[in-house]
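Chemist: Give me coordinates for this.
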Amino acid sequence: MKKIGIIIVVLGIILVSGLYITSRMASNEVLEAFGTMNEKIIDANEATLKRNDSLMKTLTQSNIGDQQEQAKLLDSISNRLNGYLEGVKEGMMKSISDPSDYEIMDQSTYLDELFFDGDAISEKGQEFIDEMNGFRNSFILHFNTDYPEITQEVATTFTTADVQDRNGNKVHWLRYHYQGFPLIASKTRMTQIQADIRMAKQQVLNAMLMGKE
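Modeler: Below you'll find the predicted structure:
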């Protein structure tokens, strides 16, 4: 089950990344492809959520106090970023007339205005970065000792460090991933982040139950 879940997430990342590269040329086909991928990731997220709920229930019924507290902390850390992202996505969908019509999600205006203020990062943009950093740093702080390999994956996946573009120039992480892209592309990327959150949580819960990483 764990391997299948990881495979699904990896395939999702590959497909999202491939679509993301072409999203600036936002043809209707590309927009529809993003919408379909977003739906598939959401479906996978629901399956992971059910699995995580089952693992949480098992842990909370165990007699190991330390693991119970760790599981509750993991749940809190994960829910915070997941909920924040869901709120951003809800705001994105309120900016359009029909959230089910992917072909009208070809503009970048909403997030460009929300996250950026000219050449600077806006207050809301910094808030987005802070939430990503908060999740990553809290995960590392509380779980690196017992689960270093999982924590390293989280550190890499949730980095907000500058990105080097194809010309070798350093670009701010938020600008590189979210400025100038169609709304549906950005929404799909956020849905993938939610998938990464739930997968990291599942890996730790599984490790707790097995008593090893």
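
Chemist: tell me what the helix ranked longest in the chain is packed against?
Modeler: Of all the elements of type helix in the chain, the one with the most residues (DSSP state H) is helix 28-60. Packed against helix 28-60 by the contact rule (3 or more C-beta pairs under 8 Å, 6 or more residues apart in numbering; DSSP states H and E) you find helix 2-22, helix 65-94, helix 183-210. Where you see a C-beta, it was placed from the backbone N, CA and C, and this is true even at glycine.

Chemist: now the ones you listed as a markdown table including distance to Leu111 and mean neighbour count?
Modeler: Putting those into a markdown table (distance: least, C-beta to C-beta, whole Å; neighbours: other C-beta atoms under 10 Å) gives the following:
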| stretch | distance to Leu111 | mean neighbour count |
| --- | --- | --- |
| helix 2-22 | 14 | 15 |
| helix 65-94 | 7 | 16 |
| helix 183-210 | 5 | 22 |
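
Chemist: Distance to Ile42 for those helices - can I get that in JSON lines?
Modeler: Listed next are the helices and strands packed on helix 28-60 as JSON lines, based on distance: least, C-beta to C-beta, whole Å:
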{"stretch": "helix 2-22", "distance to Ile42": "11"}
{"stretch": "helix 65-94", "distance to Ile42": "10"}
{"stretch": "helix 183-210", "distance to Ile42": "6"}
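
Chemist: any chance of those helices in TSV, plus distance to Ala47 and mean pLDDT?
Modeler: Below are the helices and strands packed on helix 28-60 laid out as TSV (distance: least, C-beta to C-beta, whole Å; pLDDT from 0 to 100):
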stretch	distance to Ala47	mean pLDDT
helix 2-22	8	47
helix 65-94	15	94
helix 183-210	9	96
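
Chemist: Nearest to Asn133 among the ones you listed would be which one?
Modeler: Taking C-beta to C-beta, helix 65-94 is the member of the helices and strands packed on helix 28-60 nearest to Asn133, at 10.0 Å.
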